[in-house]
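Enquirer: quick one, what's the 3D model for this:
(one chain, ligands or ions: 2)
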Amino acid sequence: MSEEKNTGCTRRDLFDTSLKVAAVGGLVGLTGRWAVMGGGSALALAPGAAAAAGNVEVAPGQLDEYYGFWSGGQSGEVRVLGLPSMRELMRIPVFNRDSATGWGSTNESLKILSEGLTPESKAFLKKQNRVTFDHGDTHHPRPSYTNGSYDGRYLFINDKSNTRIARIRLDVMKTDKILEIPNAHAIHGLRLQRYPKTGYVFCNSEMRIPMPNDGTILDDPKKYTCVFTAVDGDTMKVAWQVMVSGNLDNNDTDYAGKYVASTCYNSEEGTDTAAMTASPTDHAVFFDIKAIEEAVKGGKGQMIAGIPVVDGRKEAKSPFTRYIPVANSPHGCNASPDGKYLMLNGKLSPTVTVVEWAKLDDLFAGKITERECIVADPEVGLGPLHTTFDGRGNAYTSVFLDSQIVKWNIADAIKQFKGEKVNPIRQKLDVHYQVGHTNASQAESKDADGKWLVALCKFSKDRFLNVGPLKPENDQLIDISGDEMKLVHDGPAFAEPHDATIVHRSKIKPVDLWDRNDPYFADLRAQAKKDKVELATASTIIREGSKVRVYMYSAAPSFSMTEFKVKLGDEVTVIITNTDDVSDLTHGFTLVGHNVCMEIGPQASASITFRADRPGVHYYYCQWFCHALHMEMQGRMLVEV
Ligand code: RUQ
Ligand code: CUA
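Expert: Numbering: from 1, shown residues only. Ligands and ions are numbered 1, 2, ... in the order given. Okay, here's the model as predicted:
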């Protein structure tokens, strides 16, 4: 069944008169069926209906109760999962290139990928004939907060490999800003200000380098430094930096907007493993946000690469930092959702060191010692890496060497530390295998609800069919709603997801259609205005010397131009606006043999630029299934010699 037969007119007629009405009319059958498959609003569940904890099965047509935001690890992307089904819902390209959406090829994505780089990186990349990096190594996906609760605005994530952070807009689930952090080397730990809102994005530089790193200092590690960076999450500009002692690992913030802390390894400041682990103790560094802000405001920061930097190193004995000693090489850094405690996970020590935030005022005022801020130190097992919470006073620590999730009671651990004879350990559950991060539902916000926990295992070994020497990781789902933890699901993942954050679906409100005034394609609106072209109705070519702009729109199942002609060697920019305003109706533009491909979402505009260096006839087609006549959605580019 085609539109032509249906309406008794040709496709050309459709274009000229009533294409939109006819096309949408022809789609009713499809969208109706898709709506049933995808779960329209009529199928939405009463909160919690599908997911009474314990029941992981989310039947066809039912919706999950939680969004899971998964780091894509070395793939450089972010993934969105539904929980408890653990179904993968979406992949959001961030630092990587993406064949499906054209991320890393379209003009809009290339601008985001390149504009936030440092001048040094831009100059370096130019010499490599590139405008941005092609890789990313993401670890820590963090949804934004207002008053300690998730607010559904943004998700931030780090790129360890090229020292960047990214911001994803959760309304459209697309990356909208990427920033390289100057003076830093490999951003690892990443956390957000919780109160009053995000606010600051705190970024840990993991490696110590000379500052400036311009070749004047080389093999003199004593002169290397690590910096802690605060980025303004609204403007995505660096606010300030603090020099610290040791390598920064993970970090977390309080619920009062006063302090932020980082675990540090290598207080020895060595450059190889033996030197880095020589001392039996390392430290966690605590930052006083207000003291730093005041110093920066008062012009006390040293300007390095255009950023105010204050000295918070141990020997500087500054008002900005305090160093609390913990056992060798602490790793995870996790604030409890009641706002009271910070857990520093031992890694090389079998313990979790618990610091009480409330003691920090006295510590910074010099009234108590560093050690007096520690209120518990429970022994959980070999290789504690990260801790999460159920909101009922229990903590869950991932223990790497023992391959276990260990549940322990915080109040009992504090009693034990005071000398009372109590055992804080509630249960040890085997996971498969070598668990890294663990995170429970809503646990990084004050709304921790203790239903589900994920154990992100680094090795899957025998848990799945063998797929060769490179195995998937195993993200396990554990029901923590009752007194006992129960392992309920194995989830293979590639590549290493490091960390995930689980957010109740009521907190996230994505849209179905793009807004025609979205800042995402503001540049295209501006260019169209200059060219005196209306994006949504244009079928026109603007030529400026050898630069050609091809404006067209798409409406299922056609492009508004089924052919266009350019000259060999022209620089061609194709600008397409998807005029369909139907949910789930994405079009694409793929040009055969030109390395050109992009996604155009409903009501969006998108553009891509290439050189017409191949003479002859080249077809373009829509690569996103959109209509019964999707295959026919194509056109020809004629390149004349
Ligand atoms: S780290 S396995 Cu990159 Cu979050 Cu701990
Ligand atoms: Cu448009 Cu497929």
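Enquirer: OK, contacts around Tyr154?
Expert: 143-144, 167-170, 198, 233 (Cβ atoms under 8 Å, 6 or more residues apart in numbering). All C-beta atoms are positioned from the backbone trio N, CA, C, and that covers glycine.
Enquirer: and it, its phi and psi?
Expert: Backbone torsions of Tyr154, given as degrees, to the nearest 10, read phi -130, psi 160.
Enquirer: where's it relative to ligand 1, distance?
Expert: To ligand 1, Tyr154 is 19 Å away according to Cβ to the nearest ligand atom, to the nearest Å.
Enquirer: what's the answer for Val548, then?
Expert: For Val548, the distance to ligand 1 - Cβ to the nearest ligand atom - is 46 Å.
Enquirer: with Thr235 instead?
Expert: Taking Cβ to the nearest ligand atom, one finds Thr235 at 26 Å from ligand 1.
Enquirer: Val592 too?
Expert: 41 Å.
Enquirer: so that residue touches Tyr619, yeah?
Expert: Yes - counting by Cβ atoms under 8 Å, Val592 does reach Tyr619; the two are 5.2 Å apart.
Enquirer: quick one: name the residues of the protein near ligand 2.
Expert: Within the chain, the positions near ligand 2 by Cβ under 6 Å from any ligand atom are 556, 587, 622, 624-626, 630, 633.
Enquirer: bridge partners for Leu591, pull those for me.
Expert: Beta-bridge partners of Leu591, counted by DSSP bridges, are Val596, Tyr620.
Enquirer: quick one: end-to-end distance for stretch 395-403.
Expert: End-to-end span of stretch 395-403 (Cα to Cα, to the nearest Å): 17 Å.
Enquirer: low pLDDT regions in the stretch 351-500 of the chain?
Expert: Applying pLDDT under 70 to the stretch 351-500 of the chain picks out no residues at all.
Enquirer: hey, where'd the strands end up in it?
Expert: Applying DSSP state E, counting those that start in this stretch to the stretch 351-500 of the chain gives strands spanning 352-356, 374-376, 384-389, 394-399, 404-409, 425-430, 435-440, 452-457, 473-479, 486-493, 500-504.
Enquirer: if we can go back for a sec, please identify, among the residues of the chain next to ligand 2, the one with the most neighbours.
Expert: In terms of neighbours by other Cβ atoms under 10 Å, the residues of the chain next to ligand 2 top out with His587 at 31 neighbours.
Enquirer: just the pLDDT for the closest residue to Gly199 other than its chain neighbours.
Expert: Nearest in space to Gly199, with sequence neighbours left out and distances taken as Cβ to Cβ, 6 or more residues apart in numbering, is Gln193 at 3.3 Å. Gln193 is assigned 98 on the pLDDT scale.
Enquirer: pretty sure Gln193 sits against Lys258.
Expert: No - counting by Cβ under 8 Å, Gln193 does not reach Lys258; the two are 10.2 Å apart.
Enquirer: so if I had to pick from those two, which one is more boxed in?
Expert: Gln193 (21 against 17).
Enquirer: re the thing from before, so of the residues of the chain next to ligand 2, which ones are in strands?
Expert: With strands defined by DSSP state E, the entries of the residues of the chain next to ligand 2 inside them are His587.
Enquirer: how about the residues of the chain next to ligand 2 in a markdown table, adding pLDDT and distance to Lys461?
Expert: Shown next, in a markdown table, are those (pLDDT from 0 to 100; distance: Cβ to Cβ, whole Å):
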| residue | pLDDT | distance to Lys461 |
| --- | --- | --- |
| Ala556 | 96 | 47 |
| His587 | 98 | 43 |
| Cys622 | 98 | 43 |
| Trp624 | 96 | 38 |
| Phe625 | 96 | 38 |
| Cys626 | 96 | 42 |
| His630 | 96 | 42 |
| Met633 | 97 | 46 |
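Enquirer: can I get the residues of the chain next to ligand 2 in TSV including distance to ligand 1?
Expert: Shown next, in TSV, are these (distance: Cβ to the nearest ligand atom, whole Å):
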residue	distance to ligand 1
Ala556	43
His587	38
Cys622	39
Trp624	34
Phe625	37
Cys626	39
His630	41
Met633	43
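Enquirer: what distance do you get for the residue positioned nearest the centre of the chain to Thr175?
Expert: The centroid of the chain falls nearest to Ile157 when counting by Cα atoms, centre = their mean (3.6 Å). Ile157 is 9 Å from Thr175, where distance means Cβ to Cβ, to the nearest Å.
Enquirer: same question, Tyr553
Expert: Distance, Tyr553 to Thr175, using Cβ to Cβ: 25 Å.
Enquirer: more neighbours: which of those two?
Expert: Neighbours were counted for Tyr553 and for Thr175 using other Cβ under 10 Å; Tyr553 has more, 25 against 22.
Enquirer: that one: what secondary structure?
Expert: strand (DSSP: H, G, I helix; E, B strand; the rest coil).
Enquirer: do Leu344 as well
Expert: Going by three-state DSSP: Leu344 is strand.
Enquirer: the closest residue to it other than its chain neighbours: neighbour count?
Expert: Of all residues not flanking Leu344 in the chain, Thr353 sits nearest, at 4.3 Å (Cβ to Cβ, 6+ apart). When neighbours are defined as other Cβ under 10 Å, Thr353 has 24 of them.
Enquirer: return the residues of the stretch 451-600 of the chain in contact with ligand 1.
Expert: Residues of the stretch 451-600 of the chain lying near ligand 1 (Cβ under 6 Å from any ligand atom): 498-499.
Enquirer: need the three-state assignment for Met561.
Expert: With three-state DSSP as the basis, Met561 sits in coil.
Enquirer: report the contact partners of it.
Expert: By Cβ under 8 Å, 6+ apart, the neighbours of Met561 are 539, 550, 552, 635.
Enquirer: any idea of the pLDDT on it?
Expert: At Met561, pLDDT is 98.
Enquirer: please name the nearest non-neighbouring residue to it.
Expert: Met552 (4.3 Å).
Enquirer: identify the residues contacting that neighbour.
Expert: By Cβ under 8 Å, 6+ apart, the contact set of Met552 is 538-539, 559-561, 564, 574-577.
Enquirer: Met303: which of those is nearest?
Expert: Closest to Met303 out of the contacts of Met552 is Ile575 (40.8 Å), distances taken as Cβ to Cβ.
Enquirer: and the closest one, bridged to which residues?
Expert: Tyr551, Ser607.
Enquirer: hang on, it packs against Val550?
Expert: Yes - here Ile575 reaches Val550: they are 6.8 Å apart, a contact under Cβ under 8 Å.
Enquirer: the two: which has the busier surroundings?
Expert: Ile575 (26 against 22).
Enquirer: quick one: Asn129 is in a helix?
Expert: No - with three-state DSSP as the criterion, Asn129 is coil rather than part of a helix.
Enquirer: how about the residue of the chain found nearest ligand 1, what does it touch?
Expert: When scored by Cβ to the nearest ligand atom, the chain has Gly436 as its residue closest to ligand 1, at 3.1 Å. Shown in contact with Gly436 (Cβ under 8 Å, 6+ apart): 385-386, 398, 400, 456-458, 498-499.
Enquirer: how about 7 Å then?
Expert: The contact partners of Gly436, taken as Cβ atoms under 7 Å, 6 or more residues apart in numbering, are 385, 398, 400, 456, 458, 498.
Enquirer: which of those residues tops the neighbour count?
Expert: In those, the most neighbours by other Cβ under 10 Å go to Ser398, 31 neighbours.
Enquirer: what comes up buried for the one helix or strand the residue nearest to the centre of the chain maps to?
Expert: If you go by DSSP states H and E, Ile157 is part of strand 149-159. Using 16 or more other Cβ atoms under 10 Å as the test for burial, strand 149-159 gives 149-159.
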